[in-house]
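Enquirer: turn this into a structure:
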Amino acid sequence: MKSIFKYIAAIAICVVAAVSCNNSKGSFPSNKKEIMDAFVAGKLDPSYVPAAFFIHFGVGKTVGEAAVRAQLEYLVATDMDILKVQFEQFVPRIRDLDTDEGWENFRKIPVDFYRPTLEVITRLQEVAGRNVYVLPTIYSTFQVATQGLGVSNIIEGAQHHPEALKKILDSYTEALIWLIKECKAAGIEGFYLPTQGGEMKFYDIPGFFDNFVKPYDLKVMGEANDGTKMNILHICDWEGTYDDLSRFKDYPGQIVNTPIDLNGKEFTLQDGYKLFKRPVLGGLDRQKEIIHSSEDEIAKLVDKVLDNAPKGKTMLGAECTVSDAPLGNIQTAVYTAHHQ
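Expert: Residues are numbered from 1 along each chain as shown. From the prediction side, this is the model:
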């Protein structure tokens, strides 16, 4: 418990960049929440670029006080501008889908299935939420379904058991919306909202995205966006490639985190801002320099990326998690973004 109090104190003063930034136009925001508010409003001093990189914390740090401590340690160590809460609770696998009866008689998860995740989120909000946006990651219904069914069974269901698949998706959606509502009741003011299921590999399944992905995305994200103000749309390419992101233009989110290439063609931060007309998050490849470069090389790369990014509309990060990156590289990237 003493260590938690230590992090409370650290977070309360975790505005080093704000103190060190000399803003001749007026007072600089006093904490991370105010920094992000100014960024989204287009009023942040351009000499300070917000930044955040996300990791998974591993076995033993996914629930309870261990999870709270790990995420607070990382926040303080990196000085990043939001606290994105990782989504580490997985639904059980549905078995016996070899028959029509198996599809029809699946066992629903309890509506409050994500209570252990909620407990971590609530604790982080209590400790850090006054000074930094605590943004829980809320997996999409499709992502949860990949845990419970596997992609091959989702495809099988879409083609041969569409109504049964929709009932399963409805069950997962109900639990996700319960989590979102409980988070908002605990004071959460925004979410990190990934989407999957729109990748090119699903194009051969007629109506797949429009029937089994997008309606559930919009239901979950709509609930998350209702009454909140700091939501990040994450178009996740971890499981496959996209060739067009225009189908996501009507998805909610004040900031958009996109892939860095579409079907082998570079997709820049400028491209993302032009398409979505909203601030963008990204710039670094999760699999390349952030892992393999020296800290000096990282600093030079960040400067180069930001020189070519939309001014005042860019938050530095990667296109997905960077769990294999050395902490020093992440610290250097954040520091460099904060001191432009």
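Enquirer: ok, residues contacting the host helix or strand of E182?
Expert: Using DSSP states H and E, the element containing E182 is helix 162-185. Under the criterion C-beta atoms under 8 Å, 6 or more residues apart in numbering, residues 91, 94, 100, 103-104, 106, 108-114, 117-118, 121-122, 136, 138-139, 141-142, 144-145, 148-149, 154, 157-158, 191, 211-212, 216, 219-220, 223-224, 227-228 lie in contact with helix 162-185. Glycine gets a C-beta too; all of them are placed from N, C-alpha and C.
Enquirer: so the spatially closest residue to N329 that is not a sequence neighbour, which state does it fall into?
Expert: Distances taken as C-beta to C-beta, 6 or more residues apart in numbering put I298 closest to N329, at 5.1 Å, once the chain neighbours are dropped. Here I298 is recorded as helix under DSSP: H, G, I helix; E, B strand; the rest coil.
Enquirer: I298: neighbour count?
Expert: I298 has 24 neighbours, counted by other C-beta atoms under 10 Å.
Enquirer: returning to what we had before: and the helix holding E182, how far from the chain's centre?
Expert: Its chain's C-alpha centre and that of helix 162-185 lie 18 Å apart, by C-alpha atoms, centre = their mean, to the nearest Å.
Enquirer: also stretch 300-317?
Expert: The answer for stretch 300-317 is 19 Å, by C-alpha atoms, centre = their mean.
Enquirer: and that stretch, C-alpha only, in CSV?
Expert: Once non-C-alpha atoms are left out, stretch 300-317 reads as follows in CSV (Å, rounded to 0.1, in the frame of the first residue of the first chain):
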residue,chain,number,x,y,z
LYS,A,300,16.5,12.1,-34.4
LEU,A,301,13.7,9.9,-35.8
VAL,A,302,11.0,11.6,-33.6
ASP,A,303,12.2,15.0,-34.8
LYS,A,304,11.9,13.8,-38.4
VAL,A,305,8.5,12.3,-37.9
LEU,A,306,7.1,15.4,-36.3
ASP,A,307,8.6,17.7,-38.9
ASN,A,308,6.4,15.9,-41.5
ALA,A,309,3.3,15.5,-39.3
PRO,A,310,0.3,17.9,-39.1
LYS,A,311,1.3,20.6,-36.7
GLY,A,312,-0.8,20.9,-33.6
LYS,A,313,-2.8,17.8,-34.7
THR,A,314,-0.3,15.1,-33.9
MET,A,315,0.2,12.9,-30.8
LEU,A,316,3.3,10.8,-31.0
GLY,A,317,3.0,7.1,-30.6
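Enquirer: which positions within it qualify as buried?
Expert: For stretch 300-317, the neighbour count (16 or more other C-beta atoms under 10 Å) marks L301, V302, V305, L306, A309, P310, K313, T314, M315, L316, G317 as buried.
Enquirer: okay, those in JSON lines with secondary structure, pLDDT and distance to I55 next?
Expert: Shown next, in JSON lines, are the buried residues of stretch 300-317 (DSSP: H, G, I helix; E, B strand; the rest coil; pLDDT from 0 to 100; distance: C-beta to C-beta, whole Å):
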{"residue": "L301", "secondary structure": "helix", "pLDDT": "97", "distance to I55": "19"}
{"residue": "V302", "secondary structure": "helix", "pLDDT": "98", "distance to I55": "18"}
{"residue": "V305", "secondary structure": "helix", "pLDDT": "98", "distance to I55": "20"}
{"residue": "L306", "secondary structure": "helix", "pLDDT": "98", "distance to I55": "22"}
{"residue": "A309", "secondary structure": "coil", "pLDDT": "98", "distance to I55": "23"}
{"residue": "P310", "secondary structure": "coil", "pLDDT": "98", "distance to I55": "26"}
{"residue": "K313", "secondary structure": "coil", "pLDDT": "98", "distance to I55": "25"}
{"residue": "T314", "secondary structure": "strand", "pLDDT": "98", "distance to I55": "21"}
{"residue": "M315", "secondary structure": "strand", "pLDDT": "98", "distance to I55": "17"}
{"residue": "L316", "secondary structure": "strand", "pLDDT": "98", "distance to I55": "15"}
{"residue": "G317", "secondary structure": "strand", "pLDDT": "98", "distance to I55": "12"}
